[in-house]
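Asker: Predicted structure and sequence below. I'll ask about it afterward.
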Amino acid sequence: MKPEEETDQKWDRWQKDRTFVRAVIGKYGEVYQNLLKQPRVYKSKEMNWKGGPTKFGKNVVNPQRTMVTQAVEAHIDVLAPGSFGQRHGHMNSAVFYILEGEGYDVHDGVKYPWKSGDVCIVENMCVHQHFNDKPDKPARYVIFKAKPTFLFFHLVFQRTVEYPPKEAKPGFEHFHPEP
């Protein structure tokens with residue numbers, strides 16, 4: 001069975017409708033004033049983690065959640081110790097800032113090691129996967145991308161090739177990221 005046909009995954013984000021680009025309706029002055037009123041700081045520690053048991057995420061800024069922008073999105077992901085995320089590809093490039101941990105990415109079959117403080121760039125149209133190299137520590141990174149802009153222009157290719165594991169690594173069955 002192909003991953004996109006599976007329905008028993010915990011990542012509801014992959015299984016339900018999402019808003020990628022909002023309608024901008026109203027008089028210019030009203031639209032502009034409304035944008036000026038939007039928050040400029042979003043408290044990620046007040047958001048709940050989604051996913052698990054090996055990959056967790058928080059969607060901090062995106063058109064569905066924040067009104068201040070719809071051209072870019074940012075989210076935070078955590079990989080449990082010794083685990084990895086889904087193998088996937090998308091049209092848009094992405095920039096990852098590694099907050100903690102050590103690991104590597106595989107981009108179209110090429111391995112790129114990274115560690116805390118590094119920036120990793122995934123180029124457009126790349127099939128890639130993120131791996132936590134440390135068997136006893138989580139890896140945490142923030143991802144920035146212009147995915148909403150790409151989708152607006154109908155550059156919609158995105159495919160999950162393989163989902164993250166459904167079962168945690170032995171000894172980390174109860175792992176959950178800190179806020």
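Answerer: Yes, it's here.

Asker: tell me the mean pLDDT for the longest helix seen in the chain?
Answerer: Assignment by DSSP state H gives helix 28-36 as the longest helix of the chain. When pLDDT is averaged along helix 28-36, the result is 88.

Asker: So for it, what gets flagged as buried?
Answerer: Of the residues in helix 28-36, none is buried by neighbour count under the rule 16 or more other CB atoms under 10 Å. For every residue, glycine as well, the C-beta is placed using N, CA and C.

Asker: partners of the helix or strand following that helix, with directions?
Answerer: Under the assignment DSSP states H and E, the closest C-terminal helix or strand after helix 28-36 is strand 50-51. Sheet pairing here is set by DSSP bridges, and for strand 50-51 it gives strand 55-61 (antiparallel).

Asker: for the partner strand, what is the average pLDDT?
Answerer: Taken as a whole, strand 55-61 carries a mean pLDDT of 94.

Asker: Extract the CA atoms of that strand and return them as PDB.
Answerer: As requested, the backbone C-alpha atoms of strand 55-61 are provided in PDB (Å, rounded to 0.1, in the frame of the first residue of the first chain):
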ATOM      1  CA  LYS A  55       8.500  12.400  15.200                       C
ATOM      2  CA  PHE A  56       6.600  15.300  16.800                       C
ATOM      3  CA  GLY A  57       5.800  18.700  15.300                       C
ATOM      4  CA  LYS A  58       4.300  22.100  16.100                       C
ATOM      5  CA  ASN A  59       3.000  24.300  13.200                       C
ATOM      6  CA  VAL A  60       3.800  27.700  14.500                       C
ATOM      7  CA  VAL A  61       3.200  30.000  11.500                       C
END
